[in-house]
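Engineer: With the sequence up front, the predicted model follows.
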Amino acid sequence: MTTTLIIPQKMSGTGSIHDIASNMYDRDITFSLGCKFAVVRASYYQGKGYTTHKTETATIAASRRNSDYSHCIIDTEGNEYEVSGDRLVAR
């Protein structure tokens with residue numbers, strides 16, 4: 001079973017290019033079975049723009065691979081996290 005989190009569309013002309021919310025449409029983040037976290041690239045980069053992960057370790061590795069891009073780590077509830085060493089810490 002999958003879980004989908006919807007990131008609502010933001011109003012045009014608000015925020016910045018670093019936001020994960022798009023000013024053109026809602027973004028659907030689909031978490032595969034057992035996945036708890038997603039690394040979501042800013043909507044500026046378009047395309048699929050996210051990966052989902054089952055563990056903190058895999059999420060941290062994906063975040064580091066995306067370090068050249070504005071991105072955010074979220075969980076299935078939409079809570080945001082940041083990497084602190086080898087841990088995820090809620091913002």
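Structural biologist: Good, I have the coordinates.

Engineer: Quickly note the distance from the closest residue to residue 53 other than its chain neighbours to residue 28.
Structural biologist: The spatially closest residue to residue 53, leaving aside those adjacent along the chain, is residue 59, at 4.3 Å (Cβ to Cβ, 6 or more residues apart in numbering). Glycine gets a C-beta too; all of them are placed from N, C-alpha and C. Using Cβ to Cβ, to the nearest Å, we find residue 59 at a distance of 19 Å from residue 28.

Engineer: so the residue nearest to residue 53, which of the three states?
Structural biologist: At residue 59 the chain is in helix, as set by DSSP: H, G, I helix; E, B strand; the rest coil.

Engineer: and what of the one 3 residues further on?
Structural biologist: Residue 62 carries the three-state label helix when classified by three-state DSSP.

Engineer: low-scoring pLDDT stretches of the protein, where are they?
Structural biologist: 47 (pLDDT under 70).

Engineer: how about the strands in this protein?
Structural biologist: 3-7, 27-31, 37-41, 50-53, 71-75, 80-84, 87-90 (DSSP state E).

Engineer: Mean neighbour count and distance to residue 21 added to those, as JSON lines?
Structural biologist: Rendered in JSON lines, the data for the strands of the chain read as follows (neighbours: other Cβ atoms under 10 Å; distance: least, Cβ to Cβ, whole Å):
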{"stretch": "strand 3-7", "mean neighbour count": "14", "distance to residue 21": "5"}
{"stretch": "strand 27-31", "mean neighbour count": "17", "distance to residue 21": "7"}
{"stretch": "strand 37-41", "mean neighbour count": "23", "distance to residue 21": "10"}
{"stretch": "strand 50-53", "mean neighbour count": "22", "distance to residue 21": "13"}
{"stretch": "strand 71-75", "mean neighbour count": "21", "distance to residue 21": "10"}
{"stretch": "strand 80-84", "mean neighbour count": "14", "distance to residue 21": "12"}
{"stretch": "strand 87-90", "mean neighbour count": "13", "distance to residue 21": "19"}
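
Engineer: Much appreciated, bye for now.
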